[in-house]
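**Q** Predicted model and sequence follow; I will ask about them next.
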Amino acid sequence: MGLTNAPVLKSDRVILRGPQMADFDAFSAFHADPDRAPGFGPVYRRDESWRWFALNIGHWHIHGYGYFTIADPVTDAPIGISGIWNPDGWPEPELGWVVYAGHEGKGIAFEAATRARKWAYEDLGFTTLTSNIVPGNIRSIALAERLGATYERTYNNVHMGEDLLYRHPGPEART
């Protein structure tokens with residue numbers, strides 16, 4: 001059962017859908033991984049991950065957008081998250097992504113982020129998006145640049161400390 005009114009978006013190899021409670025274990029495992037979580041946020045205990053998961057659901061209800069679950073189109077298993085994030089204290093709406101262990105290097109994050117960005121531009125009417133990246137997160141920087149985003153500035157993220165802000169091309173670029 002969906003926990004939001006998120007649309008279901010499809011691309012060639014993934015489905016983007018609203019979060020479901022069945023997705024929580026995979027998200028919690030990602031957020032507990034000391035090698036992978038720091039590019040997205042702090043390493044969390046399971047109860048802290050539950051709060052973030054619930055925060056995302058609330059974000060959907062407040063803004064009408066948030067992080068989708070990236071789901072395998074055959075099994076519906078969660079393989080990551082991607083979407084638009086803009087909590088209080090953020091400089092502006094951000095396009096974000098995370099792919100869970102075992103799913104990296106397959107173009108899934110690129111495909112999911114491209115589809116989420118298209119939705120934000122075409123359906124929500126956004127004219128710009130950023131991606132806020134922790135310095136040293138080479139893979140996210142490479143993906144942002146592959147998506148056409150360019151480094152704009154370094155700023156102090158209220159939750160993460162120093163962050164690099166990458167600006168995505170606007171909807172007129174038709175990406």
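**A** Received it, and whenever you're ready, just let me know what you need.
**Q** for this protein, which spans come out with low pLDDT?
**A** Within the chain, the segments meeting pLDDT under 70 span 1, 174-175.
**Q** how about the strands in it?
**A** If DSSP state E is used as the criterion, the strands of the chain fall at 9-10, 15-17, 67-71, 78-85, 94-99, 130-133, 150-157, 161-167.
**Q** and residue 142, which of those is closest to it?
**A** Residue 142 lies closest to strand 130-133 among those, at 10.1 Å (C-beta to C-beta). C-beta: built from backbone N, CA, C; applies to glycine.
**Q** For that closest one, list the C-alpha coordinates in CSV.
**A** Output in CSV follows, covering the C-alpha atoms of strand 130-133 (Å, rounded to 0.1, in the frame of the first residue of the first chain):
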residue,chain,number,x,y,z
THR,A,130,20.0,21.7,-7.9
SER,A,131,21.8,18.8,-6.5
ASN,A,132,23.6,19.3,-3.2
ILE,A,133,26.6,17.0,-2.9
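**Q** follow-up on the earlier one: burial-wise, tell me which of the strands of the chain comes out on top.
**A** strand 67-71 (a mean of 27; mean count of other C-beta atoms under 10 Å).
**Q** what comes up buried for stretch 42-59?
**A** Buried residues in stretch 42-59, defined by neighbour count with 16 or more other C-beta atoms under 10 Å: 44, 49, 52, 53, 56, 57, 59.
**Q** Would you mind giving those residues as CSV with distance to residue 92 added?
**A** Shown next, in CSV, are the buried residues of stretch 42-59 (distance: C-beta to C-beta, whole Å):
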residue, distance to residue 92
44, 25
49, 26
52, 21
53, 24
56, 18
57, 22
59, 15
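**Q** Just the ones of those in helices?
**A** Judged by DSSP state H, helices contain the following of these: 49, 52, 53, 56, 57, 59.
**Q** For those residues, could you give me CSV that also reports distance to residue 98?
**A** What follows is those, written out as CSV (distance: C-beta to C-beta, whole Å):
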residue, distance to residue 98
49, 12
52, 11
53, 13
56, 12
57, 16
59, 15
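**Q** What is the nearest of those residues to residue 67?
**A** residue 56 (5.1 Å).
**Q** from what I can see the closest one touches residue 66, true?
**A** Yes: with contact defined as C-beta atoms under 8 Å, residue 56 counts as touching residue 66 (5.2 Å).
**Q** Thank you, goodbye.
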